[in-house]
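K.L.:
Task: produce atomic coordinates for the following.
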Amino acid sequence: MTGTLITVAPTGAESSKAAVPALPVTIDELVATAKECEALGAAIVHVHIRDDAAQPTLDQGRLRETVAALRQSTDLIVQLSSGGAVTDPEADRLAVLKRNVADDASLLVEESAAAIDVS
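P.N.:
A predicted model of the protein is given here:
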């Protein structure tokens, strides 16, 4: 099998809307961006979730709501970030991997290694 698999990461964890005006921080903005990326050939959307104040969050309800909105509006594979924000505790980051909410999740081992046995 050959081909190209395009993953887009439109949100980021540490950027602000003030610094990056095109940054999708609401679910509606994220869905609109995801649809545009899908139309251009993306297959996977890597998502950092934002709360109502546009701050990074790992809130499980917000994760489920965001994934549901993306699934309803696109055929993209939804990949959640376990990165959250650098201030999130490892337990909260790892909870993203345990909930089976999305199709896929990333694990930044460098930041999470202290919370799991990697031996």
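K.L.:
Which residues does the spatially most central residue of the chain form beta bridges with?
P.N.:
Among the residues of the chain, residue 47 comes closest to the average C-alpha position under Cα atoms, centre = their mean, at 1.6 Å. Residue 47 has the following beta-bridge partners by DSSP bridges: residue 80.
K.L.:
correct me, but it touches residue 81?
P.N.:
Yes: using Cβ atoms under 8 Å, residue 47 is in contact with residue 81, at 6.4 Å. To be clear about C-beta, it is placed using only N, CA and C from the backbone, and glycine gets the same treatment.
K.L.:
Which strand or helix spans the nearest residue to residue 27 once chain neighbours are set aside?
P.N.:
Spatial nearest neighbour of residue 27, excluding adjacent residues (Cβ to Cβ, 6 or more residues apart in numbering): residue 69 at 5.1 Å. Using DSSP states H and E, residue 69 falls within helix 60-73.
K.L.:
do residue 13 as well
P.N.:
Per DSSP H and E: residue 13 is located in neither a helix nor a strand.
K.L.:
And the helices in the protein?
P.N.:
Assigned by DSSP state H, the chain shows helices spanning 27-39, 60-73, 90-98, 109-112.
K.L.:
Including mean pLDDT, could those go into a markdown table?
P.N.:
Output for the helices of the chain, formatted as a markdown table (pLDDT from 0 to 100):
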| stretch | mean pLDDT |
| --- | --- |
| helix 27-39 | 97 |
| helix 60-73 | 91 |
| helix 90-98 | 69 |
| helix 109-112 | 50 |
